[in-house]
Structures are given as structure tokens and as C-alpha cells.
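Undergrad: here's my sequence, what's the structure:
(chains A and B)
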Amino acid sequence: MSDLRLELKEKIIKQLNLEDLSVEDIQNDDFLFGDEIGLDSIDALELIVMLEKDFGIKLTDPAQGKEVFTSIETLAQFIEKNA
Amino acid sequence: MFVNGISSLNAQAISLKEDAVFEEIQTYNTRNLKLYFSDFKTYIKPSAMRRMSSSIKMGVVAALQALENAKIEQPDAIITGTGMGCKTDSDVFLEELLASNEGLLSPTKFIQSTHNTVAGQIALQLQCKAYNMTYVQGSASFESALLDAFLQAATAKNKNYLVGGVDEISTYTSDLHVLDAQLKEEPEVHNLQLLAYKSPGSIQGEGASFFVTSAQKSDSCYASVKDIQLYNQLKEEELESTIHSFLERNNSTLEEIDVVVLGNNGDVNYDKYYHILQEGVFKKTAQTYYKHLVGEFYTSSGFGFWLACKTLKLQEIPPVCRLNECQPQKITKILLYNQYRGKDHSLILLESC
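TA: Numbers count the residues shown, from 1 in each chain, chains lettered A, B, ... in the order given. Sure, this is the predicted structure:
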């Protein structure tokens, strides 16, 4: 597992208080929103803040979020491309 | 108005049994009496709980327990009182605001830090779209919520009002309260000896007390609320005459009060209000207190109200709450009196039902 993907999982668990999950429970391709990890719209706001605060990336187009936040993999790829 | 369901969470191990008050008395040697209860997962889904601060969790659980106790699934109103709201999240939000130079802030802490979050979360848990109100009136917050239900119950039959008070300890506020002598200087205070310290300030606590009230008496009824009166300011010399007038307007006399529940918190500067009554008009009345068990907080009087309801139902005063040796033959009428630092005085008259 790449460091960035591991870092993202750790940050998401801590930032969103996902106390019942560990890094091993989140697969790179798991859907973050919906049945698998179960994040919601408030979590999306937290992720937007995390992207800007920790990686210096400002998500200006709300429509972009749906694609970027699909999974750890899509999020990592977006950061690698824009950081 | 009748009290048909009760619940209280605080620093004590509260018994859920109908015929008991406490599981075992918890003793502390600190200024901070934190919540004893921890079994939140029985009542709240982990997915909902992950964003909840301490006061939201205890508020939601106490509300659910009170409804369960009254055998009610949906209330017709949710009315809460809180002195400080979700203080810990407010502190975190403000600290982040400073640290980020008013830049990027966590939305969750902002959303969860408003005073009405607890009432909102209870409504969300119950999917209840009825009247939802939060009173923030210092140490009269719980009483203000109760007064709202009392006034509504006067004109509406068959409505159930979920009424409660909730407050939590926050580290930053605690530090401030040491500075302005709201908390005792002594870092270690034995809670059961609270009244013996004779120093300024008190010990602090946290908790939630919720009640289901209605104009309709249920089989599980604990007490009947006859009257509630709040006074923002009251001089020491006005206290006894105020109580006389309060009882008179309720066609009651001092002699008819079987138990008086007082809010003594060990603050040498302000317990004098209680001493006036203890040594005056209620000298021969059974006197009880409770803040040595749960600490002082803006809605700790909710626990006093819970204790009075239990006392009426069980017809006995818990020995750990006794301030004198008077023992009434029968407990029919209880008067509750509370104030904090000489302000927000409240009187509540309860009768057995």
C-alpha cells in the first residue's frame, strides 16, 4: 500500500471519528459514500476541508467532488495529480 | 402537570430499578465529577454517535430512557434547557478558528456546537417533527424548559412533553471557573464532605435529566407539578417572604411542606441563601441536598427534580441526601429551591399523585 493511500485512510478515520474502522477495513476501491464505508454529506465537507488544509488543494467545482471522493484510490490519484 | 417518566445521567450510578435510587454511591476526590454512565452503544447507533459530543450522547440517552420509563414512543414536544450547550465542541471550534487564523474550519464542530444541538439530535433520533425548543437561561435553564411544558400543559390535554436539562464539563471553561472562583481552589475536594470546606466556589459536574410530563396522569406517575416560579434577582431578606407568597398562591402553608430540596453547593459566599431557610422557615422540615453527589452545573437542578420525583414515589429520602434529622411520616409535598451565585432563583412545588 502506498504511503499516500495509507495516510488518507488514517486521516479519514481520525477526522471523521470512524472509531469502529481500522486501516485494514478500508480497501482502496471501497466506495466511501453509500453502503461500504457509509460517509455522508457532512463528511464530504470535512473531506473538502482536509484536502485544502493538509494538501493545499482547493476543490472549486462541487460536481468534481462526486468523482474525487468515490474511493481512497480516486482521492489519492486526484491528490497526486494536483498537489 | 404530571411527571410520568424520569431519567437522569450524572456522576452517580443511577439505578434503573423502580424501587431504588442509586446502585452504589460514587465518591470522588476532585473538583470535576464526570459522567458515570458509559453504555451509549445500547441506545445510539455507532454511525450516529461518531459525531456526538458528551452532552449530546447523554442528552439523547436520558431522553430515550425517560420515554421508555413513561412507555411513550413519540413526544408532542421536545423542550431542553442548557446553560453552556455543547461546550467542548464550541471550545474546539474556537481554538481551530484561532489556530487557522480564521481560515479552514471543521464543519462538524460548528454544526454540533450550538446550544440547541441536543434537542435537535433527540428529534432526529426519534424522527420527531413536533415543537422543539431550547432554553439557555443560566442556572434557570432547566426550570425555564419545565415552565414552558407547564404552561403548555395548562391548555392542552393528552399531550406528552419531553423536558430535560443537559450540560457537560469542558476543560477550558473549567480553567476560567477556577480564575473567577466559581470552582474551589482546592484541587482535591471530597464530594461527600463538600459542605465542610467553607471556601469560595464549588465542584463541577455534568449530566442530563429528562422527564415526560403531561396534563394526563399515567399509571407510572411520579409527581404532580403544582407551580414553578423563577426570579432572576432576589435579595436575602426577600427570600422567606417570597416563599410565603409562593406557597400562599398555591393554597399551601409552610407546615404542609414535608421535604425541602435545596441546592447547597458548598460555596461559602452563596450558600447563605440556603442557610436562611435551613435555620428559618424550614428549621423543622426535612431538608435534602444533592450537588455533593453530581457537582454544580447549570442544569444540575434537573437532578434535584429527579430526586424529588423519586422521593415522592418511594416515600423515602436517600440517607446520603439528608441535611437534617427530620423524618416526615408521609411525603406529600416537596418544595425545591435553587439559585446560583445569588442569581436565577427558582421555586418548584411538587405533590404526590
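Undergrad: next, the residue nearest to B:Asn191 when sequence neighbours are not counted: phi, psi?
TA: For B:Asn191, ignoring the flanking residues on the chain, the nearest one in space by Cβ to Cβ, 6 or more residues apart in numbering or on different chains is B:Tyr28 at 4.6 Å. Yep, even glycine has a C-beta here, placed from its N, CA and C like the rest. Note on B:Tyr28: its backbone torsions stand at phi -130, psi 150 [degrees, to the nearest 10].
Undergrad: and B:Tyr28, how close does it get to chain A?
TA: 27 Å (Cβ to the nearest Cβ, to the nearest Å).
Undergrad: where in the chain is pLDDT low?
TA: No chain in the question, so chain A it is. A:1 (pLDDT under 70).
Undergrad: try chain B instead
TA: Counting by pLDDT under 70, chain B contains no low-confidence segment.
Undergrad: quick one: the helix or strand B:Tyr161 falls within to chain centroid distance?
TA: For B:Tyr161, the host element (DSSP states H and E) is strand B:160-167. How far strand B:160-167 lies from its chain's middle: 9 Å, per Cα atoms, centre = their mean, to the nearest Å.
Undergrad: circling back to that earlier point, so what's the residue count around the residue nearest to B:Asn191?
TA: By other Cβ atoms under 10 Å in any protein chain shown, 20 other residues sit near B:Tyr28.
Undergrad: roughly how far does it sit from B:Leu9?
TA: As judged by Cβ to Cβ, to the nearest Å, B:Tyr28 and B:Leu9 stand 16 Å apart.
Undergrad: ditto for A:Ile57
TA: On the measure of Cβ to Cβ, A:Ile57 and B:Leu9 end up 43 Å apart.
Undergrad: neighbour count: those two, which is higher?
TA: Per other Cβ under 10 Å, whichever of A:Ile57 and B:Leu9 has more neighbours is B:Leu9, with 26 against 17.
Undergrad: for the more buried one, give the beta-bridge partners.
TA: Legend: beta-bridge partners of B:Leu9 under DSSP bridges are B:Ala208.
Undergrad: send me stretch B:131-145 as CSV with only the CA atoms.
TA: Output of stretch B:131-145 as CSV, limited to C-alpha atoms (Å, rounded to 0.1, in the frame of the first residue of the first chain):
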residue,chain,number,x,y,z
TYR,B,131,-42.3,21.6,18.8
ASN,B,132,-38.6,21.8,19.5
MET,B,133,-37.3,24.4,21.9
THR,B,134,-34.1,25.1,23.9
TYR,B,135,-33.8,27.5,26.8
VAL,B,136,-30.4,29.0,27.7
GLN,B,137,-31.0,30.8,30.9
GLY,B,138,-28.0,30.2,33.1
SER,B,139,-28.9,28.1,36.2
ALA,B,140,-32.6,28.5,35.5
SER,B,141,-32.3,26.8,32.1
PHE,B,142,-33.9,23.5,33.2
GLU,B,143,-36.6,25.3,35.1
SER,B,144,-37.4,27.5,32.1
ALA,B,145,-37.9,24.4,29.9
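Undergrad: and the contacts of that stretch?
TA: Counting by Cβ atoms under 8 Å, 6 or more residues apart in numbering or on different chains, stretch B:131-145 makes contact with B:76-83, B:85, B:115-116, B:118-120, B:123, B:148, B:163-165, B:209, B:228, B:230, B:232, B:298-299, B:301-302, B:305, B:338-340, B:343-346, B:348, all of which sit outside it.
Undergrad: swap the cut-off to 6 Å and go again
TA: B:77-83, B:115-116, B:119, B:123, B:163, B:165, B:230, B:298-299, B:301-302, B:340, B:344, B:346 (Cβ atoms under 6 Å, 6 or more residues apart in numbering or on different chains).
Undergrad: in chain A, where's the longest helix?
TA: Longest helix in chain A by number of residues (criterion: DSSP state H): helix A:41-55.
Undergrad: who touches B:Cys321 in this structure?
TA: By Cβ under 6 Å, 6+ apart, the contact list for B:Cys321 reads B:Thr288, B:Tyr290.
Undergrad: apply 10 Å and report the result again.
TA: B:21-22, B:259, B:261-262, B:286-290, B:292-293, B:304, B:307, B:311 (Cβ atoms under 10 Å, 6 or more residues apart in numbering or on different chains).
Undergrad: what residues does chain B put near chain A?
TA: Residues of chain B lying close to chain A by Cβ under 10 Å from any Cβ of the partner chain are B:41, B:46-47, B:49-52, B:96, B:100, B:103-112.
Undergrad: the same query, at a cut-off of 7 Å, please.
TA: Residues of chain B lying near chain A by Cβ under 7 Å from any Cβ of the partner chain: B:Pro46, B:Ser47, B:Arg50, B:Arg51, B:Leu104, B:Ser106, B:Pro107, B:Thr108, B:Ile111.
Undergrad: pick out whichever of the residues you listed sits closest to B:Glu316.
TA: Nearest to B:Glu316 among those, counting by Cβ to Cβ, is B:Pro46 at 39.6 Å.
Undergrad: tell me where chain B has strands.
TA: B:2-9, B:32-33, B:77-81, B:131-135, B:160-167, B:204-205, B:207-214, B:223-233, B:259-262, B:286-289, B:333-340, B:343-351 (DSSP state E).
Undergrad: can you check chain A too?
TA: Under the criterion DSSP E, strands are not mapped anywhere in chain A.
Undergrad: what is the burial count for the residue of the stretch 251-353 of chain B found nearest chain A?
TA: Relative to chain A, the nearest point of the stretch 251-353 of chain B is B:Phe297 (24.9 Å; Cβ to the nearest Cβ). Neighbour count for B:Phe297, taken as other Cβ under 10 Å: 30.
Undergrad: repeat that for B:Glu18.
TA: 10.
Undergrad: could you do A:Asp30 as well?
TA: Using other Cβ under 10 Å, A:Asp30 has 16 neighbouring residues.
Undergrad: could you pull up the residues touching it?
TA: By Cβ atoms under 7 Å, 6 or more residues apart in numbering or on different chains, A:Asp30 lies in contact with A:Glu36, A:Ile37, A:Ser71.
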